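Mind folding the following:
(4 chains)
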Number of protein chains: 2
Amino acid sequence: MLKGHLDAIVLAALESGPAHGYAIIEAIKARSGGTFDLPEGTIYPALHRLEEAGLLSSDWITPPGGRRRRVYALTRSGTARLAEGRKAWGRFAKAVEASLGGGRAWLA
Amino acid sequence: MLKGHLDAIVLAALESGPAHGYAIIEAIKARSGGTFDLPEGTIYPALHRLEEAGLLSSDWITPPGGRRRRVYALTRSGTARLAEGRKAWGRFAKAVEASLGGGRAWLA
DNA sequence: CTTCCATACCTAGCAATACTAGGTATGGAA
DNA sequence: TTCCATACCTAGTATTGCTAGGTATGGAAG
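Numbers count the residues shown, from 1 in each chain, chains lettered A, B, ... in the order given. The predicted model follows:
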């Protein structure tokens, strides 16, 4: 479960350049150290939703001698939303940590 | 939105001693610096669910000259679950931060 | 050459979560 | 006496991310 932060994570995965769905799954898995091993049924609908919302654009690309892929890129709105998402994460994480209280021994 | 961490936050609010629903709402609001101002429709069903799961116990208390209140306390299972929840939060937060990447400028 | 796996895309339907929006009731203050 | 803070509750709903299925291709293994 990504608890509402999936959008920001997907947008962040596209920050360094366009990518197709399957590659995004691999990128998120790698960046999260294996923690976020997302099923396709999570990513593809999310990509459609983000495109619908104008945060991503997509193009069908057929590399020479390869299969067609749908390549997504951040739009201007998407870049702005990513920045918001990072701020929102910061506030959220701070509030959760304050709420969980204690000596923060679980942070390591 | 508490994104799946509500249970741990509620359990943490009860760590320092039993409390009733309304007081738990106030405690969470205070501890989170006002960020988590939860509606009753969030807390009460959560308390019922946690009790159902054996993580909390409850008693109806009528203080002298006061209204009856339902006072919740952590069970042994609840204490264990809280420890797990803190560990889970630590892992989750680490993975999100790695996934959001960059210079961690949003942490401040 | 055929079989299998990794790649690559998609959707319908479902379970969980936390919310809105309503309801009830009491004690104290204005 | 009217209103607000306290104090509890639930039905229904939006969103989220999942399971579980489907389709198809290219390359490697046998």
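
switch to C-alpha atoms for all contacts and neighbour counts from now on
Noted.

Give the burial count for residue A:5, as a bare number.
As a burial measure, residue A:5 scores 16 neighbours (other C-alpha atoms under 10 Å in any protein chain shown).

cool, and residue A:83?
What residue A:83 shows, counting by other C-alpha under 10 Å, is a neighbour count of 17.

pLDDT score for it?
Listed pLDDT for residue A:83 reads 95.

what's the answer for the one 5 residues further on, then?
We note a pLDDT of 92 for residue A:88 in this prediction.

Report how many residues lie close to it.
15.

Next one: it from residue A:94, what distance?
10 Å (C-alpha to C-alpha, to the nearest Å).

Helix or strand: which one has residue A:59?
Taking DSSP states H and E as the definition, one finds residue A:59 inside strand A:56-61.

list the buried ones in that strand?
A:56-58 (16 or more other C-alpha atoms under 10 Å in any protein chain shown).

before we move on, what about stretch A:38-53?
So, applying 16+ other C-alpha under 10 Å, buried residues of stretch A:38-53: A:38, A:43, A:47, A:50-51.

Just the ones of these in helices?
Residues of these located in helices (DSSP state H): A:43, A:47, A:50-51.

Could you see whether DNA strand C lies near the strand holding residue A:59?
No. On the criterion C-alpha under 7 Å from any atom of the strand, strand A:56-61 is out of touch with DNA strand C, staying 7.9 Å away.

residues from chain A in reach of chain B?
Counting by C-alpha under 8 Å from any C-alpha of the partner chain, the residues of chain A close to chain B are A:2-4, A:8-9, A:12-13, A:28, A:31-33, A:35-36, A:86-87, A:90, A:92-96, A:98-101, A:106-108.

Output the strand holding residue A:59 in CSV, but only the C-alpha positions, please.
C-alpha atoms of strand A:56-61 as CSV (Å, rounded to 0.1, in the frame of the first residue of the first chain):
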residue,chain,number,x,y,z
LEU,A,56,1.4,13.4,-17.8
SER,A,57,1.4,13.2,-21.6
SER,A,58,2.0,10.0,-23.5
ASP,A,59,3.1,8.9,-27.0
TRP,A,60,3.1,5.5,-28.6
ILE,A,61,6.7,4.8,-29.6
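
Mind putting the buried residues of stretch A:38-53 into CSV with distance to residue A:78 and pLDDT?
CSV is the format used below for the buried residues of stretch A:38-53 (distance: C-alpha to C-alpha, whole Å; pLDDT from 0 to 100):
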residue, distance to residue A:78, pLDDT
A:38, 21, 94
A:43, 16, 96
A:47, 12, 97
A:50, 8, 96
A:51, 9, 96
